[in-house]
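Student: fold the following for me, if possible:
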Amino acid sequence: MNEPLRPRIGLLPLMLELYRESYPALEEKQHPFVQQVSDVIGSYSDVITTPVCANSHEVRSAVKKFEAGDTDGIVILFIAYATSISALNPLLETNLPLLLFSTAPKSSMGKGMSSKDINYNHGVHGYMDLANVLKRNRRHYRFVSGTKDDTRALRDIELWARIAAVKKRLKRSVIGLAGYTFDGMGDFAVDTTLLNSTLGPEVRHIPLNKLAEAIESVGEKEVEEEAHSDSQRFCIDNAVDSGILNESNRVYLGLSRIFDSMSLNALTMHFLGILENPLIKTLPFLAISKLQEQGLAYAGEGDLLGAAGNLMVRYLCGDTVFTETFCPDYEGGRIVMGHMGESNPVFGVKTTLKRKTFRFGKAVDPVIADVHMKDGKATVVNLG
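Tutor: Residues are numbered from 1 along each chain as shown. Down below sits the predicted model:
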């Protein structure tokens, strides 16, 4: 099983510097409040904390700590009012996503409210001040308001944190393109420079001669060991002989080497393009199924947008599988999903290796993983 990304979040508590003289106990008194917020965020992320900041120098030091710690975003928490200017420039200087969590230690300020309650629960106009100047400077931020145990508010922060983590990881990700995009399929045609500048992933072309060399370099012992592993993990249909299984596994082991050497996070390929190199004797359907099981994001037909979408879901949710809409079931209110032979055994109650008759060119019949998937809900993503 592949786990979703775990965000790294910096928690930035703010207060007015004047209060250090006027209310010297305030900072210490608010420590449990800061810790409660940290604990909530820490339930789904790694939290980097910093002392309470009251001026630009302290905020800048905190932001540098967050950047050095490779955080995905900053949650700003006012433990009391603080001026916007005390934090503005350091927050404008960083590229880290910002979230303002407008909350307070006490959830009710009704009858019986005391002056102490006001002292410890009056950060709200600090958020208003900071949000105003951030917006004036066209600095994007997310604003969430609610009690420190408000399920809706906390869920919004969690989603923001996970998205921030995915956004950062996408900028460090690489999609490999083997062959070319299927001619005429315009819906996923994309400028790779635009893809890189907007979503983040870099596109690298996989030279077919390099892939063929990697496949050719696989030794017989490696192929035999992989076949033995298959016999332990999967059911193998009688139509799958050792010759076609070995060839499919040879392609898998060769593609794995390319995957590692190019540091790929996602892959897309056009099946006809792959076969333009005569040294590649079969299609990598079994290879892609095994690589998806290991965490590779994939899309067919040279669909870079689909591969990027699959990669985002992989980072957000963990395991993914590529599929395609094929047939409508009007009476059942369903859609038949599938593709040519790529799947992901991690979703399977049972996986059977089968022979697929290939009708689109000269190739050894590929082995595919026929995955009998578990019943249940699924999330379908289409990035257009």
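Student: can you tell me the SS state at I244?
Tutor: Three-state call for I244 (DSSP: H, G, I helix; E, B strand; the rest coil): helix.
Student: wait, it touches P366, no?
Tutor: Yes: contact criterion C-beta atoms under 8 Å: I244 and P366 qualify, at 7.3 Å. Every C-beta, even on glycine, is put in place using the N, C-alpha and C of the backbone.
Student: from the chain's centroid, how far away is the strand or helix carrying N249?
Tutor: Element membership of N249, judged by DSSP states H and E, is helix 242-261. When C-alpha coordinates are averaged (C-alpha atoms, centre = their mean, to the nearest Å), helix 242-261 and its chain have centres 27 Å apart.
Student: after the lowest-mean-pLDDT helix or strand in the chain, next one along is what?
Tutor: When each helix and strand of the chain is scored by mean pLDDT, DSSP states H and E, helix 115-120 comes last, with a mean of 67. Helices and strands here follow DSSP H and E; after helix 115-120, the next one along the chain is helix 124-136.
Student: quick one, phi/psi of R8?
Tutor: Main-chain torsions, R8, degrees, to the nearest 10: phi -120, psi 120.
Student: next, count neighbours for it.
Tutor: 19 (other C-beta atoms under 10 Å).
Student: beta partners for it?
Tutor: Per DSSP bridges, the residues bridged to R8 are D46.
Student: where's it relative to K171, distance?
Tutor: 15 Å (C-beta to C-beta, to the nearest Å).
Student: find the residue closest to N2 in space, skipping its chain neighbours.
Tutor: G295 (4.3 Å; C-beta to C-beta, 6 or more residues apart in numbering).
Student: helices and strands around the helix or strand just after the helix holding N249, which ones?
Tutor: The first helix or strand that comes after helix 242-261 along the chain, using DSSP H and E, is strand 266-269. For strand 266-269, the packing partners by 3 or more C-beta pairs under 8 Å, 6 or more residues apart in numbering; DSSP states H and E come out as strand 174-178, strand 297-300, helix 304-317.
Student: just to revisit the earlier point, avg pLDDT for the helix holding N249?
Tutor: In this model, helix 242-261 has an average pLDDT of 96.
Student: same deal with stretch 55-67?
Tutor: 98.
Student: and for it, what's in contact with it?
Tutor: 10, 12, 14, 17, 48, 50-51, 53, 74, 85-91, 93-94, 96 (C-beta atoms under 8 Å, 6 or more residues apart in numbering).
Student: list the buried residues in whichever strand or helix holds R155.
Tutor: Here R155 sits within helix 151-170, counting by DSSP H and E. Residues of helix 151-170 classed as buried: 153-154, 156-158, 160-170 (neighbour count, 16 or more other C-beta atoms under 10 Å).
Student: for stretch 204-224, same thing?
Tutor: Neighbour-count burial for stretch 204-224 [16+ other C-beta under 10 Å]: I206, L208, K210, L211, A212, A214, I215, V218, V223.
Student: likewise for stretch 10-25?
Tutor: Residues of stretch 10-25 classed as buried under the neighbour-count rule (16+ other C-beta under 10 Å) are G10, L11, L12, P13, L14, M15, L16, Y19, Y23.
Student: how about the fourth one, secondary structure?
Tutor: So the one you mean is P13. Assigned with three-state DSSP, P13 falls in the strand class.
Student: residue ranges with poor pLDDT in the stretch 51-200 of the chain?
Tutor: Residue ranges of the stretch 51-200 of the chain with pLDDT under 70: 109, 112-113, 115, 117-120.
Student: repeat that with 90
Tutor: For the stretch 51-200 of the chain, the stretches with pLDDT under 90 are 104-124, 148-149, 179-190.
Student: got it, and the stretch 201-350 of the chain?
Tutor: For the stretch 201-350 of the chain, the ranges with pLDDT under 90 are 270-273, 323-326, 334-341.
Student: go with 50
Tutor: Along the stretch 201-350 of the chain, no part satisfies pLDDT under 50.
Student: quick check, nearest of the buried residues of stretch 10-25 to E202?
Tutor: Minimum distance to E202 across the buried residues of stretch 10-25 is 26.4 Å, recorded for G10 (C-beta to C-beta).
Student: ok, now which ones touch the closest one?
Tutor: 47-50, 62-63, 65-66, 69, 71, 73-75, 96.
Student: any of those buried? List them.
Tutor: V47, I48, T49, T50, A62, V63, F66, T71, G73, I74, V75, L96.
Student: can you tell me the centre-most residue of the protein?
Tutor: By C-alpha atoms, centre = their mean, the chain has its centre lying nearest to Y315, at 2.2 Å.
Student: surely that residue touches L5?
Tutor: Yes: Y315 is in contact with L5 according to C-beta under 8 Å; the separation is 4.7 Å.
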